[in-house]
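In: Could you look at this predicted model? Sequence included:
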Amino acid sequence: MTVRVGVNLMWLRTGQVGGSQEYLVRQLTGLYEANLDEFDVTLFVQAGFAKDHQQLAELYDCVEAPRHGGNRVLRILLEQTWLAVKARKFDLMHHGGGTMPFFAGRRSVLTIHDVQYLSFPENFSRTRLAYLSKVVPRSVARASLVSTPSEYVRQKLINKFAVSPAKVKVVRHGIDDQLGAAATSEQELRRRFRLENRDVLFLPAVTHPHKNHKFLLQLLKTHWVDKNLVLVCAGGKGRAELEFMREVRRLNLDDRVIRLNRVVDEDRDGLLKLAKALVFPSLYEGFGAPVIEAMQLGTPVIASDCAALPEIIGSAGLVLPLNLDVWSGALDAVNSRRDALVAAGKVRAKNFSIANSGKDLAQAYRAAM
């Protein structure tokens, strides 16, 4: 028997790519690659989705929602009306954006990427926080099954909302095995970004407060004082951008911090490959895909011991409490253990393949049915 699955991707914004978006796209790619005839999948998407995600659009039927221009209120209204009518034709609906419309379908899978609003409510507007506080618990209660990218998020949901453990399942992130194949060369990156022969630490993250960029600035000023060592920060401008740049100037680190905006995938992969280490002092991650991407490309990882990071990294990287003195010796540890860390990282990364992600998703669909 073929199960008809509708996937609500209406929350994905055209032209914008984030961790949660990549997570769902890779899962669905893995589901197709598993050659499972038991699922007939249709994607409900915004206008322009096929252009941004050509590969996925070639794999599945895509139905474009009426245009809502990324307006959250209008999108929610369309989910409650237009999508609700469409959902009646499907055996299972998968809602990938962390919340579910009231008319979600007879059986439903809800993907929740993180519950940061529970740990850091100050990072959310009053309106957004009120919305999440009301809608997320209701969505969790009504879903047939909830999927999360990590055991950390799974346990948070179980404990906070008194959900049956059997109802919440981990669906791993999937990292493309072709990652880095088209990476920009080290020579080109050093020339273009004026890195010369300097040692590079790399942090790919939007400058939101929980990404904790300022911790690295303090390290550069007080412990990692080698003038040949530079921190390259690549990512969009978040809520802490102005504060971050002010701190760079206050600490006189302009010549040791290179601030890039979001870079193309080829440059990001090249920067990961040439870096002495990926440094990831985040206060909150529901998963933390960059640490696995670094491992796959043979770059040692130094990360905080916060949220899901210890679970995802395991013993394949340095997982440290956010204490300057503890981090002070991390670069020496990487130098002395580099070969072992690189080898362990590559083994660890294999657990997070697109194929494994697709298999996990298929198991979630079966459980929901």
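Out: Alright, I've got the coordinates. Numbering: from 1, shown residues only.
In: Please state the offset of stretch 192-205 from the chain centre?
Out: 22 Å (Cα atoms, centre = their mean, to the nearest Å).
In: quick one: terminal-to-terminal distance for that stretch?
Out: For stretch 192-205, the first-to-last residue distance is 20 Å (Cα to Cα, to the nearest Å).
In: can you list the residues that contact that stretch?
Out: By Cβ atoms under 8 Å, 6 or more residues apart in numbering, the residues outside stretch 192-205 that reach it are 189-190, 211, 213, 216, 224, 226, 228-235, 258, 260, 268, 271-272, 274-280, 282, 290, 294, 299. (C-beta placed from N, C-alpha, C; glycine too.)
In: one more time with 6 Å
Out: Residues from elsewhere that reach stretch 192-205 (Cβ atoms under 6 Å, 6 or more residues apart in numbering): 211, 228-235, 268, 271, 274-279, 290.
In: Please, where are all the strands along the stretch 151-300 of the chain?
Out: Shown for the stretch 151-300 of the chain, the strands assigned by DSSP state E, counting those that start in this stretch span residues 168-170, 199-204, 229-234, 257-260, 277-280.
In: list the buried ones in the first one?
Out: Read it as strand 168-170. Val168, Lys169, Val170 (16 or more other Cβ atoms under 10 Å).
In: any idea how far Ala166 is from Ala289?
Out: Here Ala289 is placed at a distance of 27 Å from Ala166 (Cβ to Cβ, to the nearest Å).
In: Give me the residue ranges of the chain where confidence is low.
Out: Scanning the chain for pLDDT under 70 picks out 14-18.
In: longest helix of it?
Out: If you go by DSSP state H, the chain has its longest helix at helix 330-349.
In: Which strands and helices lie in contact with it?
Out: helix 289-296 (3 or more Cβ pairs under 6 Å, 6 or more residues apart in numbering; DSSP states H and E).
In: What pairs with the helix or strand that the helix it packs on is followed by, parallel or antiparallel?
Out: Downstream of helix 289-296, the next assigned helix or strand under DSSP states H and E is strand 301-304. Paired strands of strand 301-304, with direction, are strand 277-280 (parallel), strand 318-320 (parallel) (DSSP bridges).
In: circling back: for the next helix or strand after the longest helix of the chain, the distance to its chain's centre please.
Out: Later in the chain than helix 330-349, the nearest helix or strand by DSSP H and E is helix 354-368. From the chain centre to the centre of helix 354-368 is a distance of 18 Å (Cα atoms, centre = their mean).
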